[in-house]
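> Sharing a model prediction with you, sequence too.
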Amino acid sequence: MAKIENIHDSFFKKVFSDIANVRTFLEIALPAELRRQLDLSSLELDATSYVSEEYKASLSDVVVKCAARDKQKPVDVYLLFEHKSYPDKKIFIQLLRYMYLMWQQDSAEVKPLRAIIPLVFYHGKGNWKIPTQFAEQFEVGKELRRFLLNFEYLLFDANQWDWQAEASLPLKENVFLLSALLLMKGAYRKDLETIRQVVRLWNKMGLIEKKDQVNFLLIYIAETQDIPAKQLLKILEESELKGEDIMPTLAQRWKQEGIEEGIKKGIEQGIEQGIEKGIEKGFILDKQDVLIMLLLTRFGLEEEEKAVIRSIESVDKLNTALKMVLTAETGTEIIDYLNSESA
């Protein structure tokens, strides 16, 4: 399997592949007047079978459909989600391509063209300054502009989102989605306070019992925040959580195996060199432990599969395997990757 190139895209798609998460998100993201016109209880994920081989690499992140509330003109409305972690001036062309492919399928099947509402989810470093109407891309006067193709996308800017505002109240019933949105909001800055808030939410709302979801969120934290494992463990302990039950830590490994082994060898080869080697060994053992724990939680593991993981001493390969846990359908995919000769 190819390496995961973008942790943010993978995280977003995994979170929004759950229709309950999509429904809760739309309750806070859609303008009130639009929300009143849609029956979100009828929401379902679209299979996106209309996408050709040519465009699979640039497939929109999520497509859902729901019924409009207009009883006189019953129709399905499609919502097209596009995730962005940086301001992308090509957004209009990308959205237009996706909508064209959907309409192309409608035309081929001799169906009325579907109603499509694009929604851009943004959580990057800079401000999103791109206009929301396509016609604004053209430097022409009003008289000419009215003849041009135009559409508008909805923008959810996580940087401007206030999770404690009254409009965000529906998220209180979905602490996993709330945690995911907060972590994406803070993904591009070292935001220890947000992580503390998220961990406190896990404890308060009972998510800590759902270790599969907690481990998934912890992987994202580890991949996007430059936080040492010991500091993350401290945050977990501050919230009265047993960090060792959630994730093996570097600190524990250094004490139990890494530094002990390093000091022992250091007596023979030099204290400084021995401790350095012990820490390196402890780092690898920690990666192996976390991978074993996550695979056990998600898929289960045979003893021989554990042995495969223990045989891997490449940090890069272990890191890639940890990322693959986000999107893998089976544990076998990850074990096969570890058994391969790929770096």
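Structure's in. What do you need?
> would you list every one of the strands in the stretch 51-200 of the chain?
Counting by DSSP state E, counting those that start in this stretch, the stretch 51-200 of the chain has these strands, from start to end: 62-68, 76-84, 115-122, 154-157.
> got a markdown table for these, with mean pLDDT too?
As requested, those are arranged in a markdown table below (pLDDT from 0 to 100):
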| stretch | mean pLDDT |
| --- | --- |
| strand 62-68 | 92 |
| strand 76-84 | 92 |
| strand 115-122 | 95 |
| strand 154-157 | 97 |
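> Would you mind giving those as JSON lines with mean neighbour count added?
Glycine gets a C-beta too; all of them are placed from N, C-alpha and C. Formatted as JSON lines, the strands of the stretch 51-200 of the chain follow (neighbours: other C-beta atoms under 10 Å):
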{"stretch": "strand 62-68", "mean neighbour count": "18"}
{"stretch": "strand 76-84", "mean neighbour count": "20"}
{"stretch": "strand 115-122", "mean neighbour count": "20"}
{"stretch": "strand 154-157", "mean neighbour count": "18"}
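> surely Glu44 meets Val63?
No - at 10.3 Å, Glu44 does not count as touching Val63 under the criterion of C-beta atoms under 8 Å.
> Quickly note the distance from Arg114 to Thr330.
Using C-beta to C-beta, to the nearest Å, one gets 34 Å for the distance from Arg114 to Thr330.
> Who has more neighbours out of those two?
More crowded of Arg114 and Thr330, by other C-beta atoms under 10 Å: Arg114, with 16 against 10.
> can you tell which of the strands of the stretch 51-200 of the chain is closest to Glu302?
Checking those against Glu302 by C-beta to C-beta gives strand 62-68 as the closest, at 34.4 Å.
> Kindly reformat the strands of the stretch 51-200 of the chain as TSV containing distance to Phe134.
Below are these laid out as TSV (distance: least, C-beta to C-beta, whole Å):
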stretch	distance to Phe134
strand 62-68	19
strand 76-84	14
strand 115-122	10
strand 154-157	13
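> List just the one of those that sits closest to Leu96.
Distance to Leu96, taken as C-beta to C-beta, is lowest for strand 115-122 among the strands of the stretch 51-200 of the chain, at 9.0 Å.
> Keeping just the C-alphas, turn the closest one into PDB.
Extracted C-alpha coordinates of strand 115-122, given in PDB (Å, rounded to 0.1, in the frame of the first residue of the first chain):
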ATOM      1  CA  ALA A 115     -29.000  20.100  -7.000                       C
ATOM      2  CA  ILE A 116     -25.400  20.400  -5.600                       C
ATOM      3  CA  ILE A 117     -24.300  22.600  -2.700                       C
ATOM      4  CA  PRO A 118     -20.500  22.700  -2.300                       C
ATOM      5  CA  LEU A 119     -19.000  23.100   1.200                       C
ATOM      6  CA  VAL A 120     -15.400  23.900   1.900                       C
ATOM      7  CA  PHE A 121     -13.900  22.900   5.200                       C
ATOM      8  CA  TYR A 122     -10.700  24.900   6.000                       C
END
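> what's the angle from it to strand 62-68?
Between strand 115-122 and strand 62-68, the angle comes out at 140 degrees (axes from the mean of the first three to the mean of the last three C-alpha atoms, to 10 degrees).
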